[in-house]
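Asker: let's see this in three dimensions:
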Amino acid sequence: MSKKNTPPKPSRWRYVLITGSKVSLVLLVLLGGYLIYLDSTLTERFRSSRYEAPALVYGRALVLTPGAALTMAAVERELTLLQYQRVAQVVDSGQYSVSGPTITLYRRPFDFVDGPVMAQHLRLEFQGSRLQRLISLPDQRPLTALRLEPPYLGRLAGGNQENRLLVGLELVPDLLVETLLLVEDRDFYHHGGISLTSIGRAALANLAAMRTVQGGSTLTQQLVKNLYLTREKTLWRKANEALMAVILDYRFSKNEILETYFNEVYFGQDGGSAIHGIGLASQFYFAKQVQQLEAAEIALLVAIIKGPSYYNPRRYPERAQQRRDWVLQLMVAENLLSQRDYQQALAQPLVEQQRSRLTQQPAAHYLELVQQELNALTLPANWSQQGLRVFTYLDPWAQQLAQQALASQLPLVSKDTQLQGAVVIADHQQAGICAVVGDRDGQRVGFNRARDALRPIGSLLKPMIYAAALEPSGGYDLASFLDDSPVSISSPNQPDWQPQNYDSEYRGMLMLYDALVQSRNIPAVRLGLDIGLPTLVEKLQQAGVSSPIAAVPALTLGAVEVSPLMMTEVYAMLAQLGQHRPLATVAAVTNHQGLPLYQRKLTTPTQVFSNEASYLVNHGLQGVITMGTGRKLGERFAGHQLAGKSGTTNDYRDSWFIGYDGQHVVTVWLGRDDNQPIGLTGSSGALPVVSEVFAGLSVQPFDQLLPSGLSMAAFHRQTGARVPLNCDQALRFPARPQRLPENLGCDGQIEDKSWWQRWF
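Answerer: Next comes the predicted model:
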C-alpha cells in the first residue's frame, strides 16, 4: 500500500477535545441528575421540615386585680423572676421602680393564649397586704385587671437538644434585618444563592491578611450548612453547599429564606440546650421579645453569629464588646444609626452577668407531668414543625417554696440521710397543680415520688369515711356518738383483726366531731364498716384514686397505697365541697405563632359527696388544726381558717400531712424508699414542711358559705342532745335543721313549764 493512501491520524488536541467533550457531557448529565435529585429532596425537606421546634413551657401568669391579697414584696419577687430591671425612672418596657407603697411598672408585650397584648405603663398602689389600685399611665385611667407575662420554665421534646422560639419575619425589627445583611450578606436580595462578588471580596481580604479573615458564603449557604451539612472543610461539601443554595434561592422567596435563617441561626448554649433563632436568643441574652430589641442589643446579636462561643458576652465580655462596637460603627457608616444613637448604644452594657440561664429554677418533676399530659392530648402529628407553647398552672414561687421547705425541714425532723419526701401544691379553685417536688433534692432528676410513690395513707382516709356517714342518708351528724371500745373483726380464712388506737386507750362513747378531730381509730373502723366497704371504695375512685383498692376491713385505717398527687386530688375535692375535678398541669397549648391548639375547660364536676356532708367534714378538719394533731399549724397561723389532716402508718414508715385553705391544697409525704421505719408521725415529720410552705404562700381565708341545708346548732356536751343556741356551755356545730322539743333546757333535760309559758 502506498504511503499517500494511509488516512491521516487525528491530532492529539482534537483527541483531547473530543474525549473532554464526552467526559463533560457525562459529567453534565450526572450533574443534571444530581441537581434533579437535590431539587426534589431538598425542596420537600425545606418546605415541610426545616427544623425541629420544641415545646416551650410557661408557668401561670400573675393576674393583678384591685383589692387582691397581694403584697408589694410578692409583686417585686415576681418581677425579679421575670428579669424586670429596677430603675430610678421607668422609660421602657421591662423596667419598674419603687416609691413608698407604689410600684411603677412598664409591662412587656406578650402573646397570650387569647391573643397578644401590648406593652403597658402603669402604677400599682398598695395598702398593707393588699393591692389597692391599678392606674394606667399617663392617662391615669383605673384598670380592673392586668396580667404579667408568664415565666419560662423550660423545653420539652426533641432529641437534638435545640431550643428555639419560632418568629415570623414581620416581628423582626427592620434595623436587625438591615444590620444582619450589612455584616453577613450585603447582596442577599440581588444574588441567586451564591455571590461571586462576595467570594472575590473575601479572597482579596484573605490574601491581603495572609490568613482567613473573611468568608464568602451567603446567608443562603450558611443556612444550608446549618440545616443539612456537616462543618467539614472539603471541596465536596462546599460544592454541595453552593448547589443547594442555588436550588433554595430558585424555589423559595428571599423572605422565606431570611425568616428561616433568623429561626435557625445558632446563638450559644443554655446549659445542655443549644439556643437557635433570634426569638429565643433575645430572651436568653436580654429577657426581651425580638420586637423590643434596641440598637446595641441588635449589634451584639449580629456580632455573636460569627462565633457564639468565641464571642460569648458572659464569658468573654471584652472581645464581645469589641465586635459589637465594630458592628455599631458599620451601622453608623451605612446611615442605619445616627451619631447620637451610636453614642448611646456604645454606652450600654452588654448583658446582665447575673443571668446566664433562661430559667433559673428548673422544675424537672413538674415538667415530667406536663410531658405526660401532652402525650395524652390530641395535637397535630407534625407539631414539631411549628413548635408548641405550653401554658401551665405552675406557680414559680410555690415551686421554690416547696423545694426549699422540703430541703430545709428534713434535716431538722430527722438525721436519717435516707429519708425522702414529696410535696404537691394545687389550686383547688382552678383544679390546677401549682408545684411538684419528688425528691429531697428538688433539682435531682429521677424517681418522682409525688407521682410514682404509692404508699399507705393511714388516717388520711378517715375524712372520706366521715363524709360518707354525714350524708343525709347516713343518719349521722357531728354530734352523733360513736363507740370507742375494743372491737374484733372476723374475715373468712383470716385471723381476727383487732385494731387499736394509736395511744392503746379507749374512751367509750364520744362525739363524731371529737373522734374526727382526735383521729381515733376504733370509731373510724366501726363507722367505715357501718357505711360499707364497697361504698368507701366507690367514693375513693370517684375522688381520683386510680391505684388498686382492696375492700378489706383494714381499708378503714388507710390500708391502701396512694400517691401524693392522688391524695391532693382527694382533698381538693373536699375543699370544693365534695366536687371532684381531675387536677392538671396544662391549661392551654398554642403553636409558636400563637394559634390555639388546646384550651382546658373545667367540665361539670363529679359530686362525690353532698355540699352539706363536705362542709361538715371541713368543719371537723378545721378542728384538727385548732385542737387536734395539726394544732402546731394552728398556733403558727392563729386567726386563719386552715383545715388539714395528718397520716401515720404502721411502725412509723410513712409520715403524711395535708393542709388546705381557701385556695391551696398542700400535701407532704415523708418516708424511705426501702420502706424502713422513719420514727415520725404525720405531725412530727410532714407537718413542719406544710407549715413552711404556708408561711411563704400566705394563708387565704377558707370562708365557705354555709350550705342551704345546714344551720348552726348547739348540742349538750355529755348527751349530744340539741339544746337552744343561747346555752353557754353547749357545743356549736353546723347541722341539718331539726325541731327542738319545746321544753328542752340547756342541761339537756325536759323542763316543766306553766301553761302561759308554753302558750307564749
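
Asker: and the helices in the stretch 101-250 of the chain?
Answerer: 174-184, 196-209, 219-228, 235-251 (DSSP state H, counting those that start in this stretch).

Asker: mind checking those helices for the one nearest to Ser563?
Answerer: Proximity to Ser563 (CB to CB) singles out helix 219-228 among the helices of the stretch 101-250 of the chain, at 43.6 Å. Where C-beta positions appear, they are placed from N, C-alpha and C, glycine not excepted.

Asker: who are the packing partners of that closest one?
Answerer: Contacts defined by 3 or more CB pairs under 8 Å, 6 or more residues apart in numbering; DSSP states H and E place helix 219-228 against helix 12-48, helix 174-184, helix 235-251, helix 254-264.

Asker: starting at the chain centroid, how far to it?
Answerer: 35 Å (CA atoms, centre = their mean, to the nearest Å).

Asker: for that helix, buried residues please.
Answerer: Leu219, Thr220, Gln221, Gln222, Leu223, Val224, Lys225, Asn226, Leu227, Tyr228 (16 or more other CB atoms under 10 Å).

Asker: run the angle between that helix and helix 254-264 for me.
Answerer: Per axes from the mean of the first three to the mean of the last three CA atoms, to 10 degrees, the angle that helix 219-228 makes with helix 254-264 is 50 degrees.

Asker: now do helix 219-228: everything it contacts.
Answerer: The contact list for helix 219-228, computed with CB atoms under 8 Å, 6 or more residues apart in numbering, reads 42, 45-46, 50-51, 180-181, 184-185, 188, 193-194, 217, 231, 241-242, 244-245, 248-249, 257-258, 260-261, 264-266.

Asker: quick one: buried ones out of those?
Answerer: Buried subset of the contacts of helix 219-228 (neighbour count, 16+ other CB under 10 Å): 42, 46, 50-51, 180-181, 184-185, 188, 193-194, 217, 241-242, 244-245, 248-249, 257-258, 260-261, 264-266.

Asker: measure stretch 302-309 end to end?
Answerer: Using CA to CA, to the nearest Å, the end-to-end distance of stretch 302-309 comes to 14 Å.

Asker: for that stretch, what is the average pLDDT?
Answerer: The pLDDT scores in stretch 302-309 average 93.

Asker: same thing with stretch 331-344?
Answerer: Stretch 331-344 comes out with an average pLDDT of 93.

Asker: quick one: buried residues of it?
Answerer: Met331, Val332, Leu336, Leu337, Asp341, Tyr342.

Asker: residues contacting the first one?
Answerer: Spelled out, it's Met331. With CB under 8 Å, 6+ apart, Met331 has these contacts: Leu175, Thr179, Leu182, Ala295, Ala299, Leu337, Tyr342.

Asker: kindly report the same for the second one.
Answerer: Val332 makes contacts with Ser338, Gln339, Tyr342, as judged by CB under 8 Å, 6+ apart.

Asker: which of those residues lies closest to Gly623?
Answerer: Tyr342 (70.8 Å).

Asker: SS state for the nearest residue to that closest one once chain neighbours are set aside?
Answerer: Residue nearest to Tyr342 in three dimensions, not counting chain neighbours: Val332, with 4.6 Å by CB to CB, 6 or more residues apart in numbering. Three-state assignment for Val332 (DSSP: H, G, I helix; E, B strand; the rest coil): helix.

Asker: Pro349 versus Val332, what's the distance?
Answerer: Computed with CB to CB, to the nearest Å, the distance linking Val332 and Pro349 is 20 Å.

Asker: can you redo the contacts of Val332 as a markdown table with secondary structure and distance to Ser384?
Answerer: Formatted as a markdown table, these follow (DSSP: H, G, I helix; E, B strand; the rest coil; distance: CB to CB, whole Å):
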| residue | secondary structure | distance to Ser384 |
| --- | --- | --- |
| Ser338 | coil | 43 |
| Gln339 | helix | 46 |
| Tyr342 | helix | 41 |
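
Asker: out of those, the closest to Thr535 would be?
Answerer: Tyr342 (78.1 Å).

Asker: for Val16, see how far away that closest one is.
Answerer: On the measure of CB to CB, Tyr342 and Val16 end up 60 Å apart.

Asker: and what of Ala333?
Answerer: Here the criterion is CB to CB. By it, Ala333 lies 52 Å from Val16.

Asker: what domains does the record give for this structure?
Answerer: Domain assignment for the chain by automatic domain parsing gives 12-48, 66-144, 158-216+252-347, 403-697, 710-760.

Asker: can you tell which of these is closest to Leu358?
Answerer: Using CB to CB, these put domain 158-216+252-347 closest to Leu358, at 5.2 Å.

Asker: chain center to the closest one, what's the gap?
Answerer: Domain 158-216+252-347 has its C-alpha centroid displaced from the chain centroid by 32 Å (CA atoms, centre = their mean).

Asker: do stretch 648-657 as well
Answerer: Its chain's average C-alpha position is 30 Å from that of stretch 648-657, according to CA atoms, centre = their mean.

Asker: that stretch: end-to-end distance?
Answerer: End-to-end distance (CA to CA), stretch 648-657: 9 Å.

Asker: and it, what's its mean pLDDT?
Answerer: Stretch 648-657 comes out at a mean pLDDT of 96.

Asker: just stretch 131-146 next, same as before
Answerer: For stretch 131-146, the mean pLDDT works out to 95.

Asker: contacts for that stretch next, please.
Answerer: Outside stretch 131-146, the residues that touch it by CB under 8 Å, 6+ apart are 63-68, 70, 75, 104, 107, 120-126.

Asker: again, 6 Å this time
Answerer: Stretch 131-146 has contacts (CB atoms under 6 Å, 6 or more residues apart in numbering) with Leu64, Thr65, Pro66, Ala68, Leu70, His121, Leu122, Arg123, Glu125, Phe126.

Asker: of those, closest to Asp674?
Answerer: Using CB to CB, Leu70 is the member of the contacts of stretch 131-146 that lies nearest Asp674, at 43.8 Å.

Asker: once you drop chain neighbours, what's closest to Met511?
Answerer: Computed as CB to CB, 6+ apart, the closest residue to Met511 that is not its neighbour in sequence is Ala479, at 5.7 Å.

Asker: doesn't Gln718 make contact with the one you found?
Answerer: No: with contacts counted by CB atoms under 6 Å, Ala479 stays clear of Gln718, the gap being 11.2 Å.

Asker: higher neighbour count, those two?
Answerer: Comparing Ala479 with Gln718 by other CB atoms under 10 Å, the one with more neighbours is Ala479, at 22 against 12.

Asker: can you classify the more buried one by secondary structure?
Answerer: Per three-state DSSP, Ala479 ends up coil.

Asker: for it, give me its contacts.
Answerer: Neighbouring residues of Ala479 by CB under 6 Å, 6+ apart: Met511, Phe715, Gly720.

Asker: could these go into CSV alongside pLDDT?
Answerer: Shown next, in CSV, are these (pLDDT from 0 to 100):
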residue, pLDDT
Met511, 94
Phe715, 88
Gly720, 83
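
Asker: what is the neighbour count of the nearest residue to Arg600 once chain neighbours are set aside?
Answerer: For Arg600, ignoring the flanking residues on the chain, the nearest one in space by CB to CB, 6+ apart is Ala587 at 5.2 Å. By other CB under 10 Å, 20 other residues sit near Ala587.
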